[in-house]
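*Asks:* Build me a structure from this.
(one chain, ligands or ions: 2)
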Amino acid sequence: MALQRYNNNMVTADLPDFSKFPDSNVVFVLGGPGAGKGTQCAYLAEKYPTICHLSAGDLLREEVAKGESSELGKEISYMIKNGLIVRAEVTVQLLQNAMAAHPDKKVFLIDGFPRAIAQAECFETMVGQCRFVLFLEAPNDVMTERLLERGKTSQRIDDNKESIVKRLKVYADQTMPVIERYKERVVSFRGDRPKEEVSADLDAVFEPLV
Ligand code: ADP
Ligand code: AMP
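*Replies:* Ligands and ions are numbered 1, 2, ... in the order given. As a prediction, this is how the structure comes out:
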(Lines give C-alpha, C1' and ligand atoms only; values in the text may rest on other atoms or scores of the structure.)
(Ligands and ions follow the chains in the order given, each with its own letter.)
Protein backbone atom coordinates (compact mmCIF):
# COMPACT_ATOMS: atom_id res chain seq x y z
CA MET A 1 0.00 0.00 0.00
CA ALA A 2 1.29 3.45 -0.86
CA LEU A 3 2.27 5.49 2.15
CA GLN A 4 0.01 8.43 2.80
CA ARG A 5 0.50 11.59 4.79
CA TYR A 6 -2.45 12.67 6.92
CA ASN A 7 -1.69 15.97 8.58
CA ASN A 8 0.81 17.66 10.84
CA ASN A 9 -0.81 16.34 13.97
CA MET A 10 0.22 12.85 13.18
CA VAL A 11 3.25 11.89 15.22
CA THR A 12 4.37 9.25 12.73
CA ALA A 13 4.19 10.83 9.32
CA ASP A 14 3.12 7.73 7.44
CA LEU A 15 0.31 5.24 7.73
CA PRO A 16 1.25 1.70 8.71
CA ASP A 17 0.92 -1.09 6.22
CA PHE A 18 -2.71 -2.08 6.81
CA SER A 19 -2.36 -4.84 4.26
CA LYS A 20 -0.06 -7.02 6.38
CA PHE A 21 -2.88 -8.67 8.35
CA PRO A 22 -5.92 -7.73 6.24
CA ASP A 23 -8.11 -10.44 7.77
CA SER A 24 -7.59 -9.32 11.35
CA ASN A 25 -10.55 -7.54 12.93
CA VAL A 26 -8.51 -6.36 15.93
CA VAL A 27 -7.15 -2.86 16.50
CA PHE A 28 -5.18 -2.27 19.70
CA VAL A 29 -5.65 1.23 21.16
CA LEU A 30 -2.77 2.47 23.29
CA GLY A 31 -1.66 5.68 24.96
CA GLY A 32 -0.96 6.86 28.48
CA PRO A 33 -3.62 7.06 31.18
CA GLY A 34 -5.85 10.00 30.25
CA ALA A 35 -4.64 10.26 26.64
CA GLY A 36 -8.28 9.97 25.49
CA LYS A 37 -8.46 6.31 24.44
CA GLY A 38 -11.83 5.60 26.05
CA THR A 39 -13.30 8.87 24.81
CA GLN A 40 -12.29 8.28 21.19
CA CYS A 41 -13.22 4.59 21.18
CA ALA A 42 -16.67 5.47 22.52
CA TYR A 43 -17.00 8.05 19.75
CA LEU A 44 -16.05 5.56 17.03
CA ALA A 45 -18.31 2.77 18.35
CA GLU A 46 -21.24 5.18 18.58
CA LYS A 47 -20.71 6.46 15.05
CA TYR A 48 -19.95 3.17 13.30
CA PRO A 49 -22.28 0.29 14.26
CA THR A 50 -19.85 -2.38 13.01
CA ILE A 51 -17.19 -1.23 15.49
CA CYS A 52 -17.09 -2.84 18.93
CA HIS A 53 -15.29 -1.03 21.75
CA LEU A 54 -13.80 -3.28 24.41
CA SER A 55 -11.92 -1.59 27.23
CA ALA A 56 -9.57 -3.89 29.14
CA GLY A 57 -9.88 -1.61 32.19
CA ASP A 58 -13.70 -1.67 32.08
CA LEU A 59 -13.76 -5.47 31.76
CA LEU A 60 -11.46 -5.75 34.77
CA ARG A 61 -13.55 -3.29 36.81
CA GLU A 62 -16.70 -5.29 35.92
CA GLU A 63 -14.96 -8.41 37.18
CA VAL A 64 -14.19 -6.66 40.48
CA ALA A 65 -17.79 -5.45 40.75
CA LYS A 66 -19.04 -9.03 40.29
CA GLY A 67 -16.99 -10.48 43.08
CA GLU A 68 -15.02 -8.11 45.21
CA SER A 69 -14.85 -10.73 47.92
CA SER A 70 -13.42 -13.37 45.58
CA GLU A 71 -9.65 -13.90 45.44
CA LEU A 72 -9.58 -12.80 41.79
CA GLY A 73 -11.66 -9.69 42.54
CA LYS A 74 -9.28 -8.74 45.37
CA GLU A 75 -6.23 -9.32 43.19
CA ILE A 76 -7.57 -7.16 40.35
CA SER A 77 -8.67 -4.40 42.72
CA TYR A 78 -5.19 -4.27 44.29
CA MET A 79 -3.52 -4.12 40.87
CA ILE A 80 -5.79 -1.29 39.65
CA LYS A 81 -5.29 0.80 42.78
CA ASN A 82 -1.53 0.51 42.31
CA GLY A 83 -1.59 1.01 38.56
CA LEU A 84 -0.13 -2.47 38.04
CA ILE A 85 -0.74 -4.76 35.11
CA VAL A 86 -3.18 -7.58 35.79
CA ARG A 87 -1.98 -11.07 34.76
CA ALA A 88 -2.00 -11.56 30.98
CA GLU A 89 -4.11 -14.72 30.99
CA VAL A 90 -6.86 -13.06 33.06
CA THR A 91 -7.07 -10.03 30.77
CA VAL A 92 -6.84 -12.00 27.52
CA GLN A 93 -9.54 -14.43 28.67
CA LEU A 94 -11.89 -11.53 29.49
CA LEU A 95 -11.24 -9.98 26.07
CA GLN A 96 -11.74 -13.29 24.30
CA ASN A 97 -15.11 -13.81 26.02
CA ALA A 98 -16.21 -10.28 25.18
CA MET A 99 -15.24 -10.67 21.53
CA ALA A 100 -17.13 -13.95 21.31
CA ALA A 101 -20.24 -12.18 22.61
CA HIS A 102 -20.23 -9.88 19.53
CA PRO A 103 -19.84 -12.16 16.50
CA ASP A 104 -21.50 -9.60 14.21
CA LYS A 105 -18.84 -6.88 14.61
CA LYS A 106 -16.33 -6.02 11.93
CA VAL A 107 -13.71 -4.22 13.99
CA PHE A 108 -12.80 -4.71 17.66
CA LEU A 109 -11.16 -1.69 19.27
CA ILE A 110 -9.23 -3.16 22.17
CA ASP A 111 -8.68 -0.17 24.41
CA GLY A 112 -5.80 -0.22 26.91
CA PHE A 113 -4.32 -3.44 25.67
CA PRO A 114 -1.68 -4.89 25.37
CA ARG A 115 -0.07 -2.98 28.19
CA ALA A 116 3.04 -5.16 28.25
CA ILE A 117 4.96 -7.40 25.87
CA ALA A 118 3.80 -10.57 27.67
CA GLN A 119 0.17 -9.59 27.00
CA ALA A 120 0.85 -9.04 23.32
CA GLU A 121 2.43 -12.50 23.10
CA CYS A 122 -0.42 -14.11 25.03
CA PHE A 123 -3.04 -12.47 22.78
CA GLU A 124 -1.21 -13.53 19.62
CA THR A 125 -1.17 -17.13 20.85
CA MET A 126 -4.75 -17.26 22.16
CA VAL A 127 -6.54 -14.98 19.66
CA GLY A 128 -4.28 -13.82 16.82
CA GLN A 129 -2.58 -10.80 15.29
CA CYS A 130 -3.84 -7.24 15.39
CA ARG A 131 -4.40 -5.36 12.16
CA PHE A 132 -2.78 -2.19 13.50
CA VAL A 133 -2.19 -0.21 16.68
CA LEU A 134 -3.81 3.16 17.24
CA PHE A 135 -1.59 5.25 19.50
CA LEU A 136 -2.71 8.48 21.18
CA GLU A 137 0.12 10.55 22.55
CA ALA A 138 -0.13 13.32 25.17
CA PRO A 139 2.30 14.86 27.67
CA ASN A 140 2.22 13.55 31.24
CA ASP A 141 1.10 16.89 32.70
CA VAL A 142 -1.92 17.05 30.37
CA MET A 143 -2.90 13.47 31.17
CA THR A 144 -2.45 14.01 34.91
CA GLU A 145 -4.60 17.12 34.88
CA ARG A 146 -7.40 15.33 32.98
CA LEU A 147 -7.40 12.37 35.36
CA LEU A 148 -7.40 14.59 38.47
CA GLU A 149 -10.33 16.51 37.00
CA ARG A 150 -12.15 13.25 36.23
CA GLY A 151 -11.29 12.01 39.74
CA LYS A 152 -13.56 14.69 41.24
CA THR A 153 -16.57 12.68 40.05
CA SER A 154 -15.43 9.31 38.68
CA GLN A 155 -15.18 7.43 41.98
CA ARG A 156 -12.38 5.43 40.41
CA ILE A 157 -9.90 4.15 42.99
CA ASP A 158 -7.00 5.08 40.70
CA ASP A 159 -7.91 8.65 39.70
CA ASN A 160 -5.79 10.19 42.45
CA LYS A 161 -2.30 11.70 42.44
CA GLU A 162 -0.58 8.70 44.03
CA SER A 163 -2.09 6.12 41.65
CA ILE A 164 -1.59 8.36 38.61
CA VAL A 165 2.17 8.62 39.27
CA LYS A 166 2.35 4.82 39.43
CA ARG A 167 0.24 4.41 36.27
CA LEU A 168 2.49 6.79 34.32
CA LYS A 169 5.58 4.87 35.39
CA VAL A 170 4.10 1.50 34.41
CA TYR A 171 3.06 3.02 31.09
CA ALA A 172 6.59 4.31 30.37
CA ASP A 173 8.34 1.13 31.52
CA GLN A 174 6.01 -1.58 30.24
CA THR A 175 3.64 -0.21 27.60
CA MET A 176 6.06 1.86 25.53
CA PRO A 177 8.01 -1.29 24.56
CA VAL A 178 4.75 -2.62 23.07
CA ILE A 179 4.62 0.42 20.74
CA GLU A 180 8.18 -0.34 19.72
CA ARG A 181 7.32 -4.00 19.09
CA TYR A 182 4.50 -3.03 16.71
CA LYS A 183 6.20 0.03 15.21
CA GLU A 184 5.54 -1.14 11.64
CA ARG A 185 1.84 -1.24 12.43
CA VAL A 186 1.39 1.90 14.58
CA VAL A 187 -0.74 4.84 13.54
CA SER A 188 -0.19 7.68 15.95
CA PHE A 189 -1.98 10.93 16.72
CA ARG A 190 -1.54 13.71 19.23
CA GLY A 191 -4.20 13.30 21.92
CA ASP A 192 -3.63 16.73 23.52
CA ARG A 193 -6.00 18.50 21.16
CA PRO A 194 -9.74 19.17 21.32
CA LYS A 195 -11.73 15.92 21.24
CA GLU A 196 -13.40 16.82 17.95
CA GLU A 197 -10.08 17.34 16.21
CA VAL A 198 -8.78 13.95 17.27
CA SER A 199 -12.08 12.33 16.24
CA ALA A 200 -11.88 13.87 12.78
CA ASP A 201 -8.46 12.31 12.25
CA LEU A 202 -9.76 8.95 13.41
CA ASP A 203 -12.71 9.14 11.01
CA ALA A 204 -10.21 9.28 8.17
CA VAL A 205 -8.56 6.09 9.39
CA PHE A 206 -11.70 4.08 10.20
CA GLU A 207 -14.14 5.07 7.49
CA PRO A 208 -12.46 2.85 4.88
CA LEU A 209 -12.44 -0.11 7.29
CA VAL A 210 -16.04 -0.26 8.49
P1 ADP B 1 -7.99 7.07 28.69
O2 ADP B 1 -9.05 6.07 28.28
O3 ADP B 1 -6.91 7.22 27.65
O4 ADP B 1 -7.42 6.81 30.06
P5 ADP B 1 -10.20 8.92 28.77
O6 ADP B 1 -10.77 8.88 27.40
O7 ADP B 1 -10.92 8.16 29.84
O8 ADP B 1 -8.65 8.50 28.76
O9 ADP B 1 -10.08 10.45 29.15
C10 ADP B 1 -9.64 10.86 30.45
C11 ADP B 1 -10.32 12.17 30.80
O12 ADP B 1 -9.90 13.20 29.89
C13 ADP B 1 -11.84 12.09 30.69
O14 ADP B 1 -12.39 12.84 31.76
C15 ADP B 1 -12.14 12.74 29.32
O16 ADP B 1 -13.41 13.36 29.31
C17 ADP B 1 -11.02 13.74 29.18
N18 ADP B 1 -10.60 13.90 27.79
C19 ADP B 1 -10.46 12.92 26.86
N20 ADP B 1 -10.05 13.44 25.68
C21 ADP B 1 -9.90 14.78 25.87
C22 ADP B 1 -9.51 15.88 25.04
N23 ADP B 1 -9.16 15.70 23.76
N24 ADP B 1 -9.48 17.09 25.56
C25 ADP B 1 -9.83 17.29 26.86
N26 ADP B 1 -10.23 16.33 27.70
C27 ADP B 1 -10.27 15.07 27.22
P1 AMP C 1 -7.71 2.06 32.33
O2 AMP C 1 -9.18 1.85 32.51
O3 AMP C 1 -7.24 1.74 30.94
O4 AMP C 1 -7.26 3.42 32.79
O5 AMP C 1 -6.98 0.99 33.27
C6 AMP C 1 -7.08 1.06 34.69
C7 AMP C 1 -6.25 -0.02 35.34
O8 AMP C 1 -6.78 -1.33 34.97
C9 AMP C 1 -4.76 -0.11 34.96
O10 AMP C 1 -3.96 0.81 35.67
C11 AMP C 1 -4.44 -1.57 35.29
O12 AMP C 1 -4.28 -1.77 36.68
C13 AMP C 1 -5.72 -2.28 34.85
N14 AMP C 1 -5.64 -2.65 33.43
C15 AMP C 1 -6.23 -2.00 32.38
N16 AMP C 1 -5.93 -2.59 31.22
C17 AMP C 1 -5.13 -3.63 31.54
C18 AMP C 1 -4.46 -4.62 30.78
N19 AMP C 1 -4.51 -4.65 29.45
N20 AMP C 1 -3.74 -5.53 31.43
C21 AMP C 1 -3.64 -5.51 32.74
N22 AMP C 1 -4.19 -4.61 33.53
C23 AMP C 1 -4.94 -3.68 32.94
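
*Asks:* Quick one, grab the pLDDT at the nearest residue to Asp192 once chain neighbours are set aside.
*Replies:* Nearest non-adjacent residue to Asp192, counting by C-beta to C-beta, 6 or more residues apart in numbering: Ala138, 4.1 Å away. The C-beta positions use only the backbone N, C-alpha and C, and glycine is treated the same way. Ala138 carries a pLDDT score of 97 in this model.

*Asks:* Ok, Ala120 next?
*Replies:* On the pLDDT scale, Ala120 is placed at 96.

*Asks:* What of the one 10 residues further on?
*Replies:* Per-residue confidence for Cys130 comes out at a pLDDT of 95.

*Asks:* helix/strand/coil for it?
*Replies:* coil (DSSP: H, G, I helix; E, B strand; the rest coil).

*Asks:* doesn't Phe28 make contact with it?
*Replies:* Yes. The criterion here is C-beta atoms under 8 Å, and Cys130 meets it with Phe28 at 4.9 Å.

*Asks:* Mind checking which of those two has more residues around it?
*Replies:* A count of neighbours by other C-beta atoms under 10 Å puts Phe28 above the other of Cys130 and Phe28, at 27 against 23.

*Asks:* Look up how far Leu94 lies from Arg61.
*Replies:* Distance, Arg61 to Leu94, by C-beta to C-beta, to the nearest Å: 11 Å.

*Asks:* Leu148 now?
*Replies:* 28 Å.

*Asks:* the more surrounded of those two?
*Replies:* The neighbour comparison of Leu148 against Leu94 (other C-beta under 10 Å) goes to Leu94, with 20 against 14.
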